[in-house]
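take a look and give me a structure for this.
(one chain, ligands or ions: 1)
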Amino acid sequence: MTGVSGDGPTREQEIRQRLAYRTQGEWSYCGCGHCGLVWSIEADFIVASASIADKYDSGPTKEGRIANAEFIANAPADLAYLLGEVAQLREQLAKQEGR
Ligand SMILES: [Zn+2]
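Coordinates of the predicted model:
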């Protein structure tokens, strides 16, 4: 749960913690459009699947499963990039404000 100022971790701290505790290294995904598998390249095991299958054959289309797997596989690197940008912008803002 996200705390408000002064009571518990901020949303950003929670994101940083989730990023730190995940399976480390680069993740990749299968583009077949069926399995939706996402795996750790270094650890060589599956970390997630963006595919759902049920008897009604509902859920995302083939393209949707590929897009979801791609999103999951790139999430750690994308989050790390964005958190780096946030830190840089905070630093610039602090300098401008003379802190
Ligand atoms: Zn596949």
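
excluding chain neighbours, what is closest to Ala77?
Glu26 (7.1 Å; Cβ to Cβ, 6 or more residues apart in numbering). (C-beta placed from N, C-alpha, C; glycine too.)

ok, that neighbour touching Val38?
No - with contacts counted by Cβ atoms under 8 Å, Glu26 stays clear of Val38, the gap being 11.1 Å.

any low-confidence regions in this protein?
Along the chain, the model assigns pLDDT under 70 to residues 1-6, 53-57.

which residues of it lie near the ion?
Residues of the chain found near the ion (Cβ under 5 Å from the ion) are 30, 32, 35.

which of those residues count as buried?
30, 35 (16 or more other Cβ atoms under 10 Å).

among the residues of the chain next to the ion, which are located in strands?
Among these, none falls in strands (DSSP state E).

please enumerate the helices of the protein.
Counting by DSSP state H, the chain has helices at residues 11-21, 62-96.

can I get these in JSON lines including mean neighbour count and distance to Ile46?
Putting the helices of the chain into JSON lines (neighbours: other Cβ atoms under 10 Å; distance: least, Cβ to Cβ, whole Å) gives the following:
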{"stretch": "helix 11-21", "mean neighbour count": "12", "distance to Ile46": "18"}
{"stretch": "helix 62-96", "mean neighbour count": "14", "distance to Ile46": "11"}
